[in-house]
Every structure is written in structure tokens, then in C-alpha cells.
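Trainee: can't give you the sequence, but here's the structure:
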């Protein structure tokens, strides 16, 4: 089939491009950033297009002839941009891609949302019918776009929504890399009691879900939480990272509320200066907001089964970070 992957140069998007190519599909990868990552995508055999999901003309060209659209592109952890940028990309950009897919007769549309639409989970584990409580404007715009996907599905565009948990694995430049780097120093600052629940998702398990969701007879008009087999406390996660690196780590407990206050202050001070804040509310939330989910619906309706365990996924990620000189 011919497959379009938006956000194809990001961590998830690039891994999905590789998976689609390995499966024998013709792949178009769209992203608004170019560089060595996109050169590699072209070397693999995909057609890379530099552009934004907010550009209807570019999207129309990319969608033409596509059988499946994986819509992964999103404004995420963007610093020094107005909040309106998130709505422009995550909501209006999704609308543009949906309309182009409907016009082009795309057979299946898969939308990558986020488990963050549920916010802090008060009664874990949360299922898809748990309260929707976005904690920030990124999560809110992702949920607003879900409504668009469902509307277009009712209009005839077969669509499935995936809500991934905390994605990690080789190629991840984000939070897990920071965790591995800190553990490699032999100690880890734990703000709070470390009992907050967290639900990881190894990248290959997520790619399995994308492949299943491509099917025209699976998951139409529904949202699915996608995660690994189980969740654990953040302190246990840090210790699991240490095991994966065959090292030991000393966890130092510190009060969390001073850091919460500092995150808000630092973010406000850095914004007018155009500086990325070293600490901000989203980063601090990791220590205090529960993320624990049930994947029963995905098992039952999609046939999703996570095959890579947490320990194996962490081992692979740690090996990749080490080989890349990132520790």
C-alpha cells in the first residue's frame, strides 16, 4: 500500500516510517524539519516532503494516492511559541489532513493522540471512559482533534484513534534519555515519595498497534489506550533503568512543592527572553501526576498484545544511548 506518515522525522514518526518500509509499503514522510534525520529517511527509500500539516496544498499532494494516513505530526514540547500555535498545528492541521484524506478516498486514517487527555488519573488504572482532564494546552488540543477525527469517521473516512502512554526506546531524545543519563551518574533526585504511577510504552509495541489500526475492519470510530503490559511507580522505574544498565543508583528524596513553584516561576521568566526554561511545570508533573492505564479494550477490539517487556525495552534503549555517546 501507499502510506503517508505525518511527523515522519520525529521519534515515533521515523520509527513508523521504518516499520512501514520493512513491511513493503510505499511511504511518504512529511515533516516541517529537515536535517540528517530526514536524509536517512530518504536513504531508506521513503519520499520525504518538507512541509507543515497547516499547508493544505502540500498536504493534498502528499495524500494523493495514499491508502493509509498515519497522522503523527503535532506541536509537542515546543518552547517560545504562543499557545495559539498548538491549536493551529494540532487542531487545524488535523482538520486539513482529514479533509485531504476524505477527498482522496483514503481507506484508513490513524490518529496518534495521547494518554495525556486523561490528565492525572485519580482511580488507576484508567480506561478509555475515564474522565477527560487535559492538564495543559497540548493535551487539550490533542483531545479537541480527536473530536474532528470522529466527525470525519461519521462522514465516511474510516478512522482509529490511538492514545499512547509514555513512549520510549532507541531514538528517543526526551525524558527517558534524561533518566538514563542521571542514573549513569549513580544517583537520582526524586522529588516526592516516588510512588507516583507511570505507564511506559516501548516503541515497537506502539508500532504493532499502528499496524493493527491500519486494517479497515479494526477500531473504526473508537479511541484506544496503548501501553506496555503493566505500570509501576516512578521509583521502581528508575531502579529498572539501573538494572538495564547493569549499575546501581542511589535515589535521593527531596520535597516536590518547591520545585513545582520554581517551575512556574522559571517558565514565566524565560518566556519573554526567548530562552528554553531548564525546569517547567510539565517536567515537574512527572513526579506527581499518576499515569496508569488499562489496555483491555485494545486487547479485545484490536487484538493488541505488547510483546516487548519493560526490562528488554530498557535494555535496548540503554544500549542505543551508550552507542550514540549520549550517556
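Mentor: Perfect, thanks for sending it. These figures come from a predicted structure and were not determined experimentally.

Trainee: Can you get me a residue count around residue 232?
Mentor: 16 (other Cβ atoms under 10 Å). C-beta coordinates here come from the backbone N, C-alpha and C atoms, glycine included.

Trainee: Give me the nearest residue to it, chain neighbours excluded.
Mentor: In this structure, residue 232 finds its nearest non-sequential neighbour in residue 198, 6.6 Å apart by Cβ to Cβ, 6 or more residues apart in numbering.

Trainee: Name all residues that make contact with the one you found.
Mentor: Contact analysis of residue 198 by Cβ atoms under 8 Å, 6 or more residues apart in numbering lists 166, 231-234, 237, 286, 290-292.

Trainee: now with 7 Å?
Mentor: 166, 231-232, 234, 237, 291 (Cβ atoms under 7 Å, 6 or more residues apart in numbering).

Trainee: how about the helices of the stretch 151-300 of the chain, start to end?
Mentor: Assigned by DSSP state H, counting those that start in this stretch, the stretch 151-300 of the chain shows helices spanning 175-184, 203-213, 234-244, 257-270, 281-285, 296-297.

Trainee: where among the ones you listed is the average confidence lowest?
Mentor: Among the helices of the stretch 151-300 of the chain, helix 257-270 carries the lowest mean pLDDT, a mean of 64.

Trainee: Next one: residue 311 relative to residue 67, how far apart?
Mentor: Remark: distance between residue 311 and residue 67 (Cβ to Cβ, to the nearest Å) = 37 Å.

Trainee: out of these two, which sits in the busier spot?
Mentor: The neighbour comparison of residue 311 against residue 67 (other Cβ under 10 Å) goes to residue 67, with 17 against 11.

Trainee: Give me the pLDDT for the closest residue to residue 119 other than its chain neighbours.
Mentor: Spatial nearest neighbour of residue 119, excluding adjacent residues (Cβ to Cβ, 6+ apart): residue 133 at 3.3 Å. We have a pLDDT of 95 for residue 133.

Trainee: give me every residue that touches residue 133.
Mentor: Applying Cβ under 7 Å, 6+ apart, we find residue 133 in contact with 118-120.

Trainee: hmm, 10 Å instead?
Mentor: Residues in contact with residue 133, defined by Cβ atoms under 10 Å, 6 or more residues apart in numbering, are 116-122, 139-140, 143.

Trainee: before we move on, what about residue 290?
Mentor: Residues counted as contacts of residue 290 (Cβ under 10 Å, 6+ apart) are 118-126, 195-199, 231, 233-234.

Trainee: picking that back up, can you say which of the contacts of residue 133 are buried?
Mentor: For the contacts of residue 133, a neighbour count by 16 or more other Cβ atoms under 10 Å gives the buried set as 116-121, 139-140, 143.

Trainee: May I ask which two of those are separated the most?
Mentor: 121 and 140 (16.8 Å; Cβ to Cβ).
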